[in-house]
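Asks: generate coordinates for the sequence data below:
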Amino acid sequence: MRIGELADAVGVTTRTVRHYHHLGLLPEPERLSNGYRNYTLRHAVMLARIRRLTELGLGLGEVRDVLADDVGKELTEVLAELDEDLARQEVAIRERRQRLRALIEDGVTPEGPVSDELASLFRRTAHLSDSPMAAKDREILALIESTAKPEDRARLTSLLGDSLATADGVERARAAYALLDDLVDAHPDDPRVDQAARALVDCLPDELLPSAAVDHDSSFLRALYADFAPAQAEVIRRTIQQLVTRGRKAPAPPQGPPA
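Replies: Numbers count the residues shown, from 1 in each chain. This is a model prediction of the structure:
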């Protein structure tokens, strides 16, 4: 059989056959005097087996392991592992579908799908979204949540959730956003910059930032500052610095009795 005839007989493409040759899954046949490959029934049998195994979901590396053991025990083990993997995928798919249904029912925020905790925080502060600064803040929080480590995400949403858990906390945030919105066309030396920074600091917990020095020239903070008007960027810069300083002055948590 020629390569095209073999491919047609098994239901694959000639490109697939050549790829299996390249990977060593299908042995190269002898060549005729004219240079054409001469495939036998054995090649068709092996190619059909490769096709069945891949259709079951086995990767080509796993197929190679199966073909290397004709006893059948290896195939049983591989299929059992595949079944376990599919079961895990089913659980993951069910969880994703539950989350999608919740998003559909609750409504997707403009920032896109976020964690349940951050979505809850956004719902509690939905009335602040009329503020351009609040809307941008939500986008930044969604960005941080997407890129931070799981433990850092949980810590961030917990701290922010606590600071906005009361009507007084939400009102402080509203007032700070209003001050920031008013600075969109202001100069960085505007006296209102310091007032807005103090108001923003009062909205945020001491533990939000580490007490270590902050590199304001880091690529992330440069991009962050560039996304705001000059006076607003100065507010953010001063807020970060004040939070770091305040974190250093915060009393250390009480230590337990010595063991």
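Asks: which one's the longest helix in the protein?
Replies: helix 73-106 (DSSP state H).
Asks: average pLDDT across that one?
Replies: Mean per-residue pLDDT for helix 73-106: 77.
Asks: same question, stretch 156-163
Replies: Stretch 156-163 comes out at a mean pLDDT of 83.
Asks: quick one on the thing from earlier: list the buried residues for the next helix or strand after the longest helix of the chain?
Replies: Once helix 73-106 ends, the next helix or strand along the chain (criterion: DSSP states H and E) is helix 116-124. Using 16 or more other CB atoms under 10 Å as the test for burial, helix 116-124 gives 117, 118, 119, 121, 122. The C-beta positions use only the backbone N, C-alpha and C, and glycine is treated the same way.
Asks: save those as JSON lines, and put in pLDDT and distance to residue 149 too.
Replies: Below are these laid out as JSON lines (pLDDT from 0 to 100; distance: CB to CB, whole Å):
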{"residue": "117", "pLDDT": "75", "distance to residue 149": "15"}
{"residue": "118", "pLDDT": "78", "distance to residue 149": "15"}
{"residue": "119", "pLDDT": "76", "distance to residue 149": "19"}
{"residue": "121", "pLDDT": "78", "distance to residue 149": "19"}
{"residue": "122", "pLDDT": "79", "distance to residue 149": "21"}
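Asks: and of those residues, the nearest to residue 194?
Replies: residue 121 (27.6 Å; CB to CB).
Asks: and the residue nearest to that closest one when sequence neighbours are not counted, which helix or strand is it part of?
Replies: Spatial nearest neighbour of residue 121, chain neighbours left out: residue 161 (5.4 Å); criterion: CB to CB, 6 or more residues apart in numbering. With secondary structure defined by DSSP H and E, residue 161 is part of helix 150-163.
Asks: which other residues reach that helix?
Replies: With contacts defined as CB atoms under 8 Å, 6 or more residues apart in numbering, helix 150-163 is touched by 115, 117-118, 120-121, 141, 144-145, 148, 169, 173, 203-205, 207-208.
Asks: one more pass at 10 Å, please.
Replies: 114-121, 124-125, 141, 144-149, 169-170, 172-173, 202-208 (CB atoms under 10 Å, 6 or more residues apart in numbering).
Asks: same question, stretch 8-25
Replies: Applying CB under 10 Å, 6+ apart, the set of residues contacting stretch 8-25 is 1-7, 26-29, 37, 39, 41, 43-54, 60-61, 63-64, 67.
Asks: buried subset of those residues as a ChimeraX selection?
Replies: The ChimeraX selection below is limited to those of these classed as buried (16+ other CB under 10 Å):
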select :1,3,6,7,26,29,37,39,43,44,46,47,49,50,51,53,54,63,64,67
